[in-house]
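**Student:** sequence first, then the predicted structure, then my questions.
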Amino acid sequence: MRYWSRILALLLAVLLCIPLFSCTGDTLKILPEKKTEGVLNWAGHGKEEKKSTPEPETYPITFGLSTGKNYYNPYFNLELDLDESWFVAQTLQLDEANGFSAEVPQGKRKEEYLEFLAQGKAVRDFYAQSNTGLLEIDINVTKRTAGDRGDPYLTDYHMEYVETMRELMKQSGAELKDENFGTFMFDDEVQTCFYYSYEFEGYTVHCAHALIPGDDYLLSLFASSIEKDHVRELLALFFPHA
C-alpha cells in the first residue's frame, strides 16, 4: 500500500508519454448542410426559396468539460458511464493537464482548446481513477497524420508509443513483463490495442493502450489496473451512443 503513490506517479508519466504527432492542417470537420424545400401557402405564389439548415459542428474533444461520471464524445460516437466508486478529474485539473496555467475562461475555452489541438498536441479529454486507486482510465485526442490513412492497424502510432513507453520503463527502473498487440471490440468493429504489464515496487501493473480512429482525429484510450488484470473489463465499459 505504501508504494501505490509511487506506482500512480509512474502511471501518470506513462500517460504523458502518449505520442504527440505533427499537425497536417487545422481544418475542422464540419458536417454537410441539409437542404430543405417547401411550397408557399401564402397567396399561392410559387415555391419558397430553398433554405439551408446547418448541422451543428461536431468536435472531437469536449473542451475540458467532461467532469461527471458520464463521458460522451459524439465525434467518435463513444460513451462511458461510471458509478460512484470513481473519481473524475475536474475542469481545472484537465486544463492544467493540457498545459494551461489556470482554468481557461468560458468565453475562450473553445478557441484555446482548438488551437492547442491544431498544433498537433494530444488533448487530455477525460481522466478517472477508482476510489481504491487501483484502476485508471485516461482519454486523449490528437490529429491524424496523412501517412496513416492506408494503415488500418495504425502501426506507426502504436510503435512510437511502445518505444517511448519502453524508454520510460527503463528510466524508472520498472521491469517490463510482457507485451503484445491485440484487439478489442467497439461498436461491432475491431479496434487495435497494445497490452502490456510491468513490475514496479513489488506490484504488477497491467495496461492497455487502444486507438479508435475518426476521419481527421484519433482517440487514444489508456486503461490500467494494479495487481489484478482488469484492463479488458475497463475497455468493455465503453459503448456506442444509442
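**Tutor:** Everything's here; your move. Every value quoted in this text rests on a predicted model; they were computed, and no experiment measured them.

**Student:** so what's G182 up against?
**Tutor:** Each residue near G182 by Cβ atoms under 8 Å, 6 or more residues apart in numbering is listed here: 192-195. For every residue, glycine as well, the C-beta is placed using N, CA and C.

**Student:** for F184, state which of those is nearest.
**Tutor:** Within the contacts of G182, proximity to F184 (Cβ to Cβ) peaks at C193, which comes in at 5.1 Å.

**Student:** low-confidence ranges in the chain?
**Tutor:** 1-55, 149 (pLDDT under 70).

**Student:** hey, where'd the strands end up in it?
**Tutor:** 34-36, 51-53, 70-73, 78-81, 86-88, 123-130, 135-143, 175-186, 189-200, 203-213, 217-226, 238-240 (DSSP state E).

**Student:** let's have those strands in CSV, adding distance to P152.
**Tutor:** Converted to CSV, these look like this (distance: least, Cβ to Cβ, whole Å):
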stretch, distance to P152
strand 34-36, 31
strand 51-53, 35
strand 70-73, 21
strand 78-81, 18
strand 86-88, 32
strand 123-130, 23
strand 135-143, 18
strand 175-186, 11
strand 189-200, 8
strand 203-213, 8
strand 217-226, 13
strand 238-240, 19
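
**Student:** S101: which of these is closest?
**Tutor:** That would be strand 123-130 among those, by Cβ to Cβ, at 15.4 Å.

**Student:** partner strands of that closest one, with direction?
**Tutor:** strand 86-88 (antiparallel), strand 135-143 (antiparallel) (DSSP bridges).

**Student:** from the chain's centre, how far out does it sit?
**Tutor:** Offset of strand 123-130 from its chain centre (Cα atoms, centre = their mean, to the nearest Å): 8 Å.

**Student:** that strand relative to strand 217-226, how many degrees between them?
**Tutor:** 20 degrees (axes from the mean of the first three to the mean of the last three Cα atoms, to 10 degrees).

**Student:** got the contact list for strand 123-130?
**Tutor:** 8, 15, 61-62, 64, 66, 71, 73, 80, 82, 85-89, 93-94, 97-98, 113, 116-117, 135-142, 219.

**Student:** try 7 Å this time
**Tutor:** The contact list for strand 123-130 (Cβ atoms under 7 Å, 6 or more residues apart in numbering) reads 61-62, 66, 71, 82, 85-89, 94, 97-98, 113, 116-117, 135-141.

**Student:** counting neighbours, which of these end up buried?
**Tutor:** 61-62, 66, 71, 82, 86, 88-89, 94, 97-98, 113, 116-117, 135-141 (16 or more other Cβ atoms under 10 Å).

**Student:** picking up where we left off before, export the strands paired with strand 123-130 to TSV and tack on distance to V162?
**Tutor:** What follows is the strands paired with strand 123-130, written out as TSV (distance: least, Cβ to Cβ, whole Å):
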stretch	distance to V162
strand 86-88	28
strand 135-143	16
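
**Student:** these: which one's closest to E160?
**Tutor:** The nearest among the strands paired with strand 123-130, by Cβ to Cβ, is strand 135-143 at 11.4 Å.

**Student:** output that closest one as CSV, nothing but the C-alphas.
**Tutor:** Taking C-alpha atoms only, strand 135-143 is exported to CSV below (Å, rounded to 0.1, in the frame of the first residue of the first chain):
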residue,chain,number,x,y,z
LEU,A,135,-7.9,1.4,-11.7
GLU,A,136,-7.4,4.2,-14.2
ILE,A,137,-9.0,5.4,-17.4
ASP,A,138,-7.4,8.2,-19.5
ILE,A,139,-8.7,9.5,-22.8
ASN,A,140,-6.6,11.7,-25.2
VAL,A,141,-7.4,13.0,-28.7
THR,A,142,-4.9,14.1,-31.4
LYS,A,143,-5.0,14.9,-35.1
